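> Predicted model and sequence follow; I will ask about them next.
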Amino acid sequence: MSFDKQQNQQTNRQIKLASRPNGVPTADNFDMATSDIPTPKDNEMLLRTVYLSLDPYMRGRMSDAKSYADPLEVGDVIMGGTVAQVVESNIDSFAVGDLVVSNSGWQDYSVSDGEGVLKLDKNMSNPSYGLGVLGMPGFTGYMGLTDIGKPQKGETLVVAAATGPVGATVGQVGNQHGLRTVGVAGGKEKCDFAVNELGFDVCIDHKADDFAEQLKAACPDGIDIYYENVGGKVFDAVMPLLNDHARIPVCGLVSQYNATDLPDGKDRLGMLMGLILSQRLTVRGFIIFEEYGDHFPEFLETMSKWVESGEVKTKEHITDGLDNAPDAFVSMLNGDNFGKTVIKVSDVN
């Protein structure tokens, strides 16, 4: 699915939505185009993309199904969070050379009026962290657990996709609150990392034939908080283990993003609704910056200290080259990534 690399710095490479995917995205759904590098007007700045974040929510935006945000139109540059460097600036608060977190999308250059753009420390050793543990995914994990999960010391927390940028944050914040942390990940390597590096008490391989039995054994006192970002068979195994008054923050359902039909099997919606009632469950979906945008400075201050001290660790899955973004995106949706998926587009000057 790779595109020919184009190194001409006089052009702006852009990856656009060529057609809407039906199931798993394919090469035909993406189109590499080139345009002139845009020129910023008054009160605008030109940004050059350094790192591009790939996140599961992007798959939903490629569909025209009703959701919390308008879908991409065919022909649009695919959206995405970026760490970018200011190349030209007509905005007093941003200078040439500044590193920023923006939403430049899958392209080399973009113009911004500064709205929603966050300035990073130019001396930070890992600017890409602004797309992961110190950015939207980390913020999502932190607020979902602390505000909706309402952790209490000694409770049991189960986290799906435990080595991903959201799940890894949730588990480690759970450790800070004295929870028993049970991770779910795909494969021994990821599970070992969750326990040995991230500090989970235990991690269960969802690919195991006896996954549900292993999860039950790992949660002898039931589940008080289930942080949902996957859905599918993981939630099937979690559901019978939920305690009274369990809390379920829902930030994603990656197992369903490529689905074109309802899954085979019995309809268990009635069972779930019965559990919500009889066990007084709290199930709450959230869109991080819509609900919690004003909490970002508080999060960034707290998480930066934890990362600097080593209390919170992170792992990145970095791929070089904008042209490799489509392949990396599909691999991420399939769970082939190990850590936060990031595309390195250019170097910091």
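Great, that's in hand.

> Am I right that E197 is in contact with T314?
No. Contact criterion C-beta atoms under 8 Å: E197 and T314 do not qualify, at 9.7 Å. Just so you know, the C-beta spots here come from the backbone N, C-alpha and C atoms, and that holds for glycine as well.

> backbone phi and psi for the spatially closest residue to K315 that is not a sequence neighbour, please?
Distance criterion C-beta to C-beta, 6 or more residues apart in numbering; nearest residue to K315, sequence neighbours excluded, is G339 at 3.3 Å. Dihedral pair for G339: phi 110, psi -170, per degrees, to the nearest 10.

> where does T163 land in three-state SS?
coil (DSSP: H, G, I helix; E, B strand; the rest coil).

> Apologies, that question was intended for N12.
Classified using three-state DSSP, N12 is strand.

> can you pull the contacts of it?
Taking C-beta atoms under 8 Å, 6 or more residues apart in numbering, we find N12 in contact with 34-38, 107-109.

> elements contacting the helix or strand containing G167?
G167 is part of helix 165-176 when elements are defined by DSSP states H and E. With contacts taken as 3 or more C-beta pairs under 8 Å, 6 or more residues apart in numbering; DSSP states H and E, helix 165-176 sits against helix 136-143, strand 156-159, strand 180-185, strand 223-227, helix 296-309.

> Let me know the average pLDDT across it.
Averaged over helix 165-176, pLDDT sits at 95.

> how far off helix 136-143 does it point, in degrees?
30 degrees (axes from the mean of the first three to the mean of the last three C-alpha atoms, to 10 degrees).

> Which parts of helix 165-176 count as buried, going by neighbours?
Of the residues in helix 165-176, 165-176 count as buried by neighbour count, 16 or more other C-beta atoms under 10 Å.

> ditto for stretch 188-207
190-191, 193-195, 198-206.

> Buried residues in stretch 287-305, which are they?
288, 292, 295-296, 299-300, 303-304.

> export the residues you listed to TSV and tack on distance to N349?
As requested, the buried residues of stretch 287-305 are exported to TSV (distance: C-beta to C-beta, whole Å):
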residue	distance to N349
I288	31
Y292	33
H295	33
F296	27
F299	29
L300	25
M303	27
S304	24
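
> Out of those, which comes closest to V234?
I288 (21.0 Å; C-beta to C-beta).
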